[in-house]
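Trainee: Predicted model and sequence below, questions to follow.
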Amino acid sequence: MTDPKETINIENVVASTGIGQELDLQSVAMDLEGADYDPEQFPGLVYRTQNPKSAALIFRSGKIVCTGAKSTEDVHESLRIVFDKLRELDIKVEDEPEIVVQNIVTSADLGHQLNLNAIAIGLGLENIEYEPEQFPGLVYRLDGPEVVALLFGSGKLVITGGKEPEDAEKAVDKIVSRLEELGLLE
Amino acid sequence: RLRKWQERIRTKDAGERNLQFALSEIDRMASALGVPRSVREVASVIYRRALKEDLIRGRSIEGVATSCLYAACRKEGIPRSLEEVAEVSRVDQKEIGRTYRYVAQELSLEMEPVDPKQFVPRFASELDLNEETIAKANEIIDISAEQGLLSGKSPTGFAAAAIYAASLLCNEKKTQREVADVAQVTEVTIRNRYQEQIEAMGFE
DNA sequence: ATATTACTTTTTAAAGC
DNA sequence: GCTTTAAAAAGTAATAT
C-alpha cells in the first residue's frame, strides 16, 4: 500500500521579502518589460518570471511577495531574478534580502474514496465545514500542525496554510490516523 | 450625565428598531418562501443568538437575517437552496452563503449536510408526480448515497437527477428541463448525476 | 450534446481604500 | 471587509462549437 505521504506534491509557495528601498512604481513599470501596474486597481506592480514560473507583487515600500513557485528553491530563484531585474534599472537591492515563506499549498491522495457525510459526523460537525451546495470539499482545520485541509470524495486532498513542507506530512499522518480510527478509510 | 442617559436610550431604541426590522424581514422572506411558522420562530431564535453574540458587527442585518432563515429551514428539515433564499432576499447568494457559514460556525449550530430526499416532496409536488414515483426517487437517493455517490455533490442536483430517473422508471416522464427548472440546476448536472445513479442502481 | 472557460473553497503576504 | 497573485482539489454553470 502506498503511503499517502509519498503522494504529497507542493503546488504553490508564497513568500515575502523586501529590497530595503522605496520604489517609484510608475517608473519601474515603464522600464521593466512585462510589468503590470494599475494602481487604481491594486497598489502592487505585478511582474512574472518564466523560469521558474512565478508572479512577484512589488510594492512602493520595496516589499515584495512572490507566489506561484513550486518549491522553496524556486522561490529563491525567482526572487533572485526579480532582484537582478531591479538592479538593471539602477535600483539598489540588498545583497541577500531575507526571504520568509508564508504559505505552502500541497495536494495529496489518500488512495481511497471518502464518504464525506460520514467523515463530517465522525470528525465532529463542530470541527469541520462541509457545504456541498457551496463547495465540494470538506474543510478540516487541524490543531497541530496549524494547517487547513480540504478533503474530497475522490480521496484527494489539499493542505494549505503551512510554513514548511513537513507541516503537510504531519497533517497527512494525522488525517490518515484519525480516519483509520474512525474506520472511514475504505 | 443626562447626555449619556439619552445616548443609551437612543442606542437602545436603535437596537430595538434593528431587531424589529430583522424579524419583519425574516417574516417577509419566510412568507415569500412559503415555509411554516415554526421555521420563522427558529430563525428568530437563531437571529437573537447571533445578536447576543455580537455576530452582526461588520455585516448587514439583512444578510444575517437571511442566513438565519436559511439555517432554520435546514434545521426544520424543509431546506431551501441558497438560490431560492437569495431570490426573496435583497442580499446576494454569495454573501448569504458566507454569512451562513460564519453564523453556523460561531453559534455552533452543528448543521448536518442536507439530505437530498428533503427536496423530493416539494419538487415532486411542483411536477405533479405520483407517490410511486416519489418513493422511487427516494429509493434511488438512498441506494446511490450508500454507495458513496453523494460526496461533494449538491443536494438539489442529486435530488433532481433521482426524480428525473424515477419519472422514467415509473412511466411518468418529465423532461430534464422540467426537472431542472423546479430544482434550479442545469440539465448538464441532471445528466451527470443521472448516469451515476442509474449505474449504481444496476440498470444502465 | 460535448468541450472549454470560469467561478466556488482554503491559505498568505503586500498597501490602500 | 475589499482589491491582486498563485495553486490544487471537484462540482456546477455559462458559453462555444
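Mentor: Done, it's in. Here the structure is a predicted model, which means the values were calculated and not measured. Numbering: from 1, shown residues only, chains lettered A, B, ... in the order given.
Trainee: Tell me the spacing between A:E166 and chain B.
Mentor: Distance, A:E166 to chain B, by Cβ to the nearest Cβ, to the nearest Å: 28 Å. For every residue, glycine as well, the C-beta is placed using N, CA and C.
Trainee: Surely A:S61 touches A:G20?
Mentor: No - with contact defined as Cβ atoms under 8 Å, A:S61 does not reach A:G20; the gap is 9.9 Å.
Trainee: Excluding chain neighbours, give the residue nearest to the one residue sitting closest to the centre of chain B in space.
Mentor: Centroid-nearest residue in chain B, with Cα atoms, centre = their mean: B:R80, separated by 2.8 Å. Leaving aside its sequence neighbours, B:R80 sits nearest to B:C73 (Cβ to Cβ, 6 or more residues apart in numbering or on different chains; 4.9 Å).
Trainee: Need the CA coordinates for the helix or strand hosting that neighbour. CSV is fine.
Mentor: Under the criterion of DSSP states H and E, B:C73 resides in helix B:61-75. As requested, the backbone C-alpha atoms of helix B:61-75 are provided in CSV (Å, rounded to 0.1, in the frame of the first residue of the first chain):
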residue,chain,number,x,y,z
ILE,B,61,-28.7,42.9,9.3
GLU,B,62,-30.5,41.6,6.2
GLY,B,63,-27.6,39.3,5.4
VAL,B,64,-27.6,37.8,8.9
ALA,B,65,-31.4,37.6,8.9
THR,B,66,-31.4,35.7,5.6
SER,B,67,-28.7,33.4,6.7
CYS,B,68,-30.7,32.6,9.9
LEU,B,69,-33.7,31.8,7.8
TYR,B,70,-31.7,29.5,5.5
ALA,B,71,-30.3,27.7,8.6
ALA,B,72,-33.7,27.4,10.1
CYS,B,73,-35.2,25.8,7.0
ARG,B,74,-32.5,23.2,7.2
LYS,B,75,-32.9,22.7,10.9
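Trainee: so after that helix, what's the next helix or strand?
Mentor: Assigned by DSSP H and E, the successor of helix B:61-75 is helix B:82-87.
Trainee: what residues does that following helix touch?
Mentor: A:133-134, B:29, B:33, B:66, B:69-70, B:73, B:92-93, B:96-97, B:100, B:184 (Cβ atoms under 8 Å, 6 or more residues apart in numbering or on different chains).
Trainee: could these be laid out in TSV, adding neighbour count?
Mentor: Formatted as TSV, those follow (neighbours: other Cβ atoms under 10 Å in any protein chain shown):
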residue	neighbour count
A:E133	17
A:Q134	16
B:M29	23
B:L33	19
B:T66	29
B:L69	31
B:Y70	29
B:C73	24
B:D92	12
B:Q93	17
B:I96	23
B:G97	19
B:Y100	25
B:Q184	15
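Trainee: ok, which of those also contact DNA strand C?
Mentor: A:134, B:97 (Cβ under 7 Å from any atom of the strand).
Trainee: where does the residue nearest to B:L107 when sequence neighbours are not counted fall, phi/psi-wise?
Mentor: Closest residue to B:L107 apart from its sequence neighbours, by Cβ to Cβ, 6+ apart: B:R49 at 5.5 Å. Per-residue torsions, B:R49: phi -70, psi -40 (degrees, to the nearest 10).
Trainee: hang on, isn't B:R49 packed against B:S108?
Mentor: No - with contacts counted by Cβ under 8 Å, B:R49 stays clear of B:S108, the gap being 10.1 Å.
Trainee: Tell me which of the two has more neighbours.
Mentor: Neighbour count, other Cβ atoms under 10 Å in any protein chain shown: between B:R49 and B:S108, B:R49 has more, with 15 against 9.
Trainee: Could you check how far the more buried one is from B:R37?
Mentor: Between B:R49 and B:R37 the computed distance is 19 Å (Cβ to Cβ, to the nearest Å).
Trainee: now swap in B:D115 and tell me
Mentor: Taking Cβ to Cβ as the measure, B:D115 falls 23 Å from B:R37.
Trainee: quick one, which of those two is more surrounded?
Mentor: Neighbour tally, B:D115 and B:R37, criterion other Cβ under 10 Å: the higher count belongs to B:D115, 20 against 9.
Trainee: mind checking pLDDT for the residue nearest to B:R80?
Mentor: pLDDT recorded at B:C73 is 98.
Trainee: Angles on the backbone of A:V93, please.
Mentor: The phi/psi pair for A:V93 (degrees, to the nearest 10) reads phi -130, psi 130.
Trainee: Just give me the neighbour total for it.
Mentor: The number of residues packed near A:V93 is 18, by other Cβ under 10 Å.
Trainee: what sits against it?
Mentor: By Cβ under 8 Å, 6+ apart, the contact set of A:V93 is A:19-21, A:83, A:86-87.
Trainee: And these, which two are furthest apart?
Mentor: Within those, A:G20 and A:R87 form the most distant pair, 13.0 Å apart (Cβ to Cβ).
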